[in-house]
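**Student:** Mind folding the following:
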Amino acid sequence: MKLNDLLTVLRSIAPESLAESWDKVGLHVESTARIKRAMLCIDLTQSVMQEAIEKKVNLIVAYHPPIFAPLTALTRSDYKQNIILLAARNNIAIYSPHTALDAASTGVNQFLAEGIAGDDAVFIRPIRPHDNRAEQYKLVTFAPEASVHAIRESLSEAGAGNIGNYSECSFTSRGHGTFKGNESTNPAIGQATEFESVAEMRVEMVLPKNKLVAVVTALRDIHPYEEPAFDVYPMIAGPTSKSGDMTGQGRVVELAKPISLKTLVTRIKAILKLDYLEVAPAEGSTMAKKNIQRIGLCAGAGQSLIEEARAAVKQDAGEGEGLDVFFTGEMRHHDTLAAVCSGLAVILAGHTRTERPFLADYRKQIKAQTREMGRGDVEWVISKADRSPGEVV
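**Tutor:** Presented below is the predicted three-dimensional model:
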């Protein structure tokens with residue numbers, strides 16, 4: 001299967017437009033190989049990379065971006081740099097979905113929420129619904145018709161053309177462009193100092209603000225003209241997410257009737273396949289008391305969503321009701337203490353322990369999508385070397 005076809009599948013499950021603005025989702029290392037075997041992992045460590053090489057993997061989908069801070073060099077002495085070198089040397093592509101997969105309607109947080117709720121949920125909703133009013137731009141460029149397909153593909157790879165669950169979205173219309181280069185020019189069509197009128201296509205694609213530099217760079221690289229003409233327009237905010245849209249960060253789960261903290265802990269252990277969790281009952285409460293009905297959760301490190309979760313519950317249930325517990329991977333000590341003292345129970349499982357169990361479900365979704373395309377020829381493996389850096393002993 002071609003890499004671009006597989007990227008289309010991954011982006012249909014978790015559109016990159018859902019990612020947080022600070023995140024580095026997308027294709028990190030490109031490969032020319034046909035994808036026959038692909039690997040899923042949470043953290044792309046040197047052990048995972050070695051496993052991928054031994055298993056002759058052509059693509060690694062690493063949940064956490066392996067390139068987050070800019071790399072200032074590529075040396076074997078730095079483990080992150082060495083991973084990128086090894087990927088390039090072995091023609092292995094690397095893709096990261098991270099917070100786009102967190103926010104997706106069938107992503108990590110939805111997986112956790114549905115597992116916790118079982119058949120008891122009154123509703124599940126995102127804590128921070130994806131806002132399609134986030135800063136968006138429209139890029140418009142003009143090119144010969146023969147170049148349009150390559151331009152669309154390149155801009156899509158750079159982050160343009162994502163609308164909801166659709167990727168490579170564009171609009172084209174026919175027209176004529178005119179130009180006259182001076183003596184120093186070397187036009188792709190026509191001659192220097194001569195007036196030219198050329199049949200061209202107008203190509204329009206939307207993109208988020210955080211992809212603007214990458215998309216414009218890609219346009220300059222792929223466009224056949226010496227000086228490509230293009231316009232960038234800021235877009236007016238659209239309506240908020242439609243009712244029932246399950247894209248967004250974190251989740252709030254409301255149960256039909258209260259359960260005990262002990263029961264909730266048992267459910268979470270079953271989902272994550274863990275024997276131990278760190279549990280802090282709200283001040284004055286106990287593990288056995290049946291006072292847990294509204295649950296906030298976020299995979300990884302979700303403490304920044306606590307107040308938003310509380311506000312969401314008040315909006316849905318009324319001023320007299322509140323969030324009963326918050327479940328995430330990790331929190332700072334004093335934030336946990338503040339939550340408990342304010343009447344909120346806290347459950348911590350460990351950062352990647354809230355994320356890694358989703359990989360099996362993610363694989364099922366990918367395989368189902370590729371089968372629908374008639375492209376079920378990729379073998380998907382989950383890394384065995386990928387594990388939490390620490391263990392509970």
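
**Student:** Give the buried residues for the helix of greatest length in the chain.
**Tutor:** What stands out as the longest helix in the chain, according to DSSP state H, is helix 358-372. Using 16 or more other CB atoms under 10 Å as the test for burial, helix 358-372 gives Phe358, Leu359, Asp361, Tyr362, Arg363, Gln365, Ile366, Gln369, Thr370. Quick note: C-beta positions are derived from backbone N, CA and C, even for glycine.

**Student:** What is the nearest of those to Ala93?
**Tutor:** Ile366 (14.5 Å; CB to CB).

**Student:** Please report the distance of that closest one from Glu54.
**Tutor:** 22 Å (CB to CB, to the nearest Å).

**Student:** And Ala188, by the same measure?
**Tutor:** 46 Å.

**Student:** Looking at those two, which one has more neighbours?
**Tutor:** A direct count of neighbours by other CB atoms under 10 Å for Ala188 and Glu54 places Ala188 higher, at 14 against 9.

**Student:** which phi and psi does the more buried one have?
**Tutor:** Dihedral pair for Ala188: phi -70, psi -30, per degrees, to the nearest 10.

**Student:** which ones are touching it?
**Tutor:** Pro224, Tyr225, Glu226 (CB atoms under 8 Å, 6 or more residues apart in numbering).

**Student:** now those residues: which count as buried?
**Tutor:** Judged by 16+ other CB under 10 Å, buried ones among the contacts of Ala188: Tyr225.

**Student:** Which one of the contacts of Ala188 is nearest to Ala73?
**Tutor:** Glu226 (32.3 Å).

**Student:** Show me where the protein has its helices.
**Tutor:** 3-13, 46-54, 79-89, 98-103, 108-117, 148-158, 212-222, 261-272, 306-317, 333-341, 358-372.

**Student:** Among the ones you listed, which comes closest to Val252?
**Tutor:** Closest among those, once you apply CB to CB, is helix 306-317, at 5.3 Å.

**Student:** Just the buried positions in the closest one, please.
**Tutor:** Neighbour counts over helix 306-317 (16+ other CB under 10 Å) mark Ile306, Glu308, Ala309, Arg310, Ala312, Val313, Ala317 as buried.

**Student:** what does stretch 48-65 give?
**Tutor:** 48-49, 51-52, 57-65.

**Student:** one step back: now render the contacts of Ala188 as TSV, adding pLDDT and distance to Leu86.
**Tutor:** Formatted as TSV, the contacts of Ala188 follow (pLDDT from 0 to 100; distance: CB to CB, whole Å):
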residue	pLDDT	distance to Leu86
Pro224	95	35
Tyr225	95	37
Glu226	92	37
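
**Student:** Tell me which residues touch Ala309, please.
**Tutor:** Here Ala309 is in contact with Ile127, Gly250, Val252, Gly296, Leu323, Phe326 (CB under 8 Å, 6+ apart).

**Student:** In strands only, show me the residues you listed.
**Tutor:** Val252, Gly296, Phe326 (DSSP state E).
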